[in-house]
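**Student:** Build me a model from this:
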Amino acid sequence: MNWKAIDQTNATYTGEIEILDNNGEIQHFTLAQTETHIIFGGVCNTGLLESGNFKLDNDFSFDENLQALVADLECYYQDGRGFQSDDFSCNDRM
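**Tutor:** As a prediction, this is how the structure comes out:
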């Protein structure tokens with residue numbers, strides 16, 4: 001998972017998701033979409049702080065890509081880092 005921040009210049013707000021981790025805590029993410037990625041992270045007064053991103057697969061709909069991102073995030077919080085798809089990337093802050 002070689003994380004590299006994605007240019008958010010033309011990103012559009014997509015929504016919010018919540019993932020339950022192994023400790024029973026809810027991990028909350030704000031989503032934004034670019035032409036090539038779904039960006040996920042937290043929001044503060046400076047904007048979206050990217051925690052990671054998911055490369056969109058053009059052979060699938062946005063909803064299918066979103067489901068794959070949610071599955072990767074659930075896997076990250078249940079099984080740990082290293083078990084996600086090749087399209088998933090996150091920083092060390094997660």
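**Student:** rest of the way, CA atoms for contacts and neighbours
**Tutor:** Fine.
**Student:** quick one, what contacts the residue sitting nearest the centre point of the chain?
**Tutor:** Centroid-nearest residue in the chain, with C-alpha atoms, centre = their mean: residue 40, separated by 3.8 Å. Counting by C-alpha atoms under 8 Å, 6 or more residues apart in numbering, residue 40 touches 29-32, 50-53.
**Student:** out of those, which are inside strands?
**Tutor:** 29-32, 50-53 (DSSP state E).
**Student:** which SSE is residue 14 in?
**Tutor:** Using DSSP states H and E, the element containing residue 14 is strand 12-20.
**Student:** Tell me the buried residues in that strand?
**Tutor:** Within strand 12-20, the residues that count as buried by 16 or more other C-alpha atoms under 10 Å are residue 19.
**Student:** which residues are in contact with that strand?
**Tutor:** 26-34, 70, 73-74, 77.
**Student:** Next, format those as a markdown table and append distance to residue 91, neighbour count and pLDDT.
**Tutor:** Compiled in a markdown table, the contacts of strand 12-20 are given as follows (distance: C-alpha to C-alpha, whole Å; neighbours: other C-alpha atoms under 10 Å; pLDDT from 0 to 100):
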| residue | distance to residue 91 | neighbour count | pLDDT |
| --- | --- | --- | --- |
| 26 | 19 | 12 | 96 |
| 27 | 15 | 15 | 95 |
| 28 | 16 | 14 | 96 |
| 29 | 14 | 19 | 97 |
| 30 | 15 | 19 | 97 |
| 31 | 15 | 22 | 97 |
| 32 | 16 | 21 | 97 |
| 33 | 18 | 20 | 96 |
| 34 | 18 | 18 | 96 |
| 70 | 17 | 16 | 97 |
| 73 | 13 | 23 | 96 |
| 74 | 16 | 19 | 95 |
| 77 | 14 | 16 | 93 |
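**Student:** Can you lay out these as CSV showing distance to residue 58?
**Tutor:** Below are those laid out as CSV (distance: C-alpha to C-alpha, whole Å):
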residue, distance to residue 58
26, 30
27, 27
28, 26
29, 23
30, 22
31, 18
32, 17
33, 13
34, 13
70, 17
73, 20
74, 22
77, 26
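**Student:** Right, I'll leave it there.
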